[in-house]
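*Asks:* coords below, sequence missing:
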């Protein structure tokens, strides 16, 4: 039953509650807001000051409530407001309608206040996003928070960005259902691909029965951002292998927006002698390699040159076919350094780098291409079983880095057939294709194997370079570890040789 005067129906609240009549025509409470956490629902409103506020579940068919089940009471403040947590277990399966009465100190009681419906409730913040001026090819982001401030689960059925295919986008919801009090923050992105003023929107559709679709307006301006560099060619003085030198390149931004360099890359230029499949140059690095240049500002980038010694490679695939010396560290390096802002828009700047490496024997490549390209060697080998099967050769530089090797010489098995057991076997080898290594080769190590799986001790030769009275320079083998090996100078006849030496099987 309504508490108000039945002869006049519901009596509207007056501003000062100065009217008189039954129950002093006390103003009824009015709910103004509700908030929800995952466990608690808080309602608040206005009411006569310092009055007892009683909250009821209500019949939602009436405009002003018709309480049928008491829930909780509280007291309004002297300023005429109230707030109270409701005794509810969330989430509710159905919506809930509330009403309330006020009772003053003289026991006057108001009519039931207007119905206040609790259900799933969509709350979006902010409702408008304006991005800062952004460079074409750049990216700006902003947060968008979606909350369920109601008492039952809220389902988001659609997030539609307009215009489709435009510069605006929004991240996806991990779960389209929000429980009471749950919030999720999405990322709205502005990624313009042309210079213009842009406008767009995000329309959010949910099952909140008390709200239509929520529309978030979007706006942003894009200008074409570019970068400049203070040099077009960078010269780096001679640097030792495994050492480093650095130089500074200044990247400036003449535009009114910040521009981000997304990467700095170094690509070795191909030469007449060597073509690189992978042109990425490991000798260089930039600090920083990714950075943002402020509008009208600049960033100093340190370019560091660190030439590396080669990783020794071996050749075991073809007998006597030497590897391409392209893996050796070049004495002159030409590399393009590119600061990349956007691949798709072609926004970048390139600096040509020319650097020199201090020559190191066997590392920075050979010297005299007019050397006699032949090296002869005879080994005098004694094997009681006369079942020699192979000889292996290791070519080293002054630092004893292996430049290449020959692991398979099948001609050994043919060479021993005409010798009886117990006889010394002379094995003669001729090496060619060494011109590219002239000036780099310093040592030759030899090992002989037999069919029983035994290997000889290693015999080392030093490779010397001589200039005869006539003809081009020649390479000379001189035994280092022991005597007993015949060494031929260049293409000298086989009759001129050093005293023979026995190369016996390994005793290990």
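*Replies:* Here it is on my side, so go on. These numbers come from a predicted model, not from an experiment.
*Asks:* Next, residue 413: phi, psi?
*Replies:* Dihedral angles of residue 413 (phi, psi; degrees, to the nearest 10) stand at phi -60, psi -30.
*Asks:* Return the per-residue confidence for it.
*Replies:* Looking at residue 413, its pLDDT stands at 81.
*Asks:* For the nearest residue to it once chain neighbours are set aside, give me its contacts.
*Replies:* Counting by C-beta to C-beta, 6 or more residues apart in numbering, the nearest residue to residue 413 once its immediate chain neighbours are dropped is residue 389, at 5.8 Å. C-beta: built from backbone N, CA, C; applies to glycine. By C-beta atoms under 8 Å, 6 or more residues apart in numbering, the contact set of residue 389 is 412, 413, 449, 450, 451.
*Asks:* Out of those residues, which is nearest to residue 198?
*Replies:* Closest approach to residue 198 among those (C-beta to C-beta): residue 449, at 75.2 Å.
*Asks:* Give me the residues contacting the strand or helix carrying that closest one.
*Replies:* If you go by DSSP states H and E, residue 449 is part of strand 443-450. Strand 443-450 has contacts (C-beta under 8 Å, 6+ apart) with 375, 377, 379, 381, 383, 385, 387-397, 400, 412, 427, 455-463, 477, 480, 503, 505.
*Asks:* next one: it to chain centre, how far?
*Replies:* Centroid separation for strand 443-450 versus its chain: 48 Å, with C-alpha atoms, centre = their mean, to the nearest Å.
*Asks:* which is the next helix or strand following that strand?
*Replies:* Downstream of strand 443-450 (by DSSP H and E), the next one is strand 459-466.
*Asks:* what lines up beside that next one in the sheet?
*Replies:* Strand 459-466 sits in its sheet next to strand 443-450 (antiparallel), strand 474-479 (antiparallel), going by DSSP bridges.
*Asks:* could I get those strands as CSV with mean neighbour count and distance to residue 419?
*Replies:* Listed next are those as CSV, based on neighbours: other C-beta atoms under 10 Å; distance: least, C-beta to C-beta, whole Å:
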stretch, mean neighbour count, distance to residue 419
strand 443-450, 21, 13
strand 474-479, 19, 23
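*Asks:* Okay, strands next: where are they in the stretch 251-400 of the chain?
*Replies:* Remark: strands assigned in the stretch 251-400 of the chain by DSSP state E, counting those that start in this stretch are 259-261, 263-268, 284-287, 291-293, 298-305, 332-342, 347-357, 375-382, 388-396.
*Asks:* could I get those as JSON lines with distance to residue 175 and mean pLDDT?
*Replies:* Output for these, formatted as JSON lines (distance: least, C-beta to C-beta, whole Å; pLDDT from 0 to 100):
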{"stretch": "strand 259-261", "distance to residue 175": "32", "mean pLDDT": "91"}
{"stretch": "strand 263-268", "distance to residue 175": "35", "mean pLDDT": "94"}
{"stretch": "strand 284-287", "distance to residue 175": "42", "mean pLDDT": "96"}
{"stretch": "strand 291-293", "distance to residue 175": "34", "mean pLDDT": "95"}
{"stretch": "strand 298-305", "distance to residue 175": "41", "mean pLDDT": "97"}
{"stretch": "strand 332-342", "distance to residue 175": "34", "mean pLDDT": "92"}
{"stretch": "strand 347-357", "distance to residue 175": "38", "mean pLDDT": "94"}
{"stretch": "strand 375-382", "distance to residue 175": "75", "mean pLDDT": "80"}
{"stretch": "strand 388-396", "distance to residue 175": "65", "mean pLDDT": "86"}
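*Asks:* Of those, flag the one that's most buried.
*Replies:* Looking across the strands of the stretch 251-400 of the chain with neighbours counted as mean count of other C-beta atoms under 10 Å, the highest average goes to strand 259-261: a mean of 23.
*Asks:* Right, I'll call it a day here.
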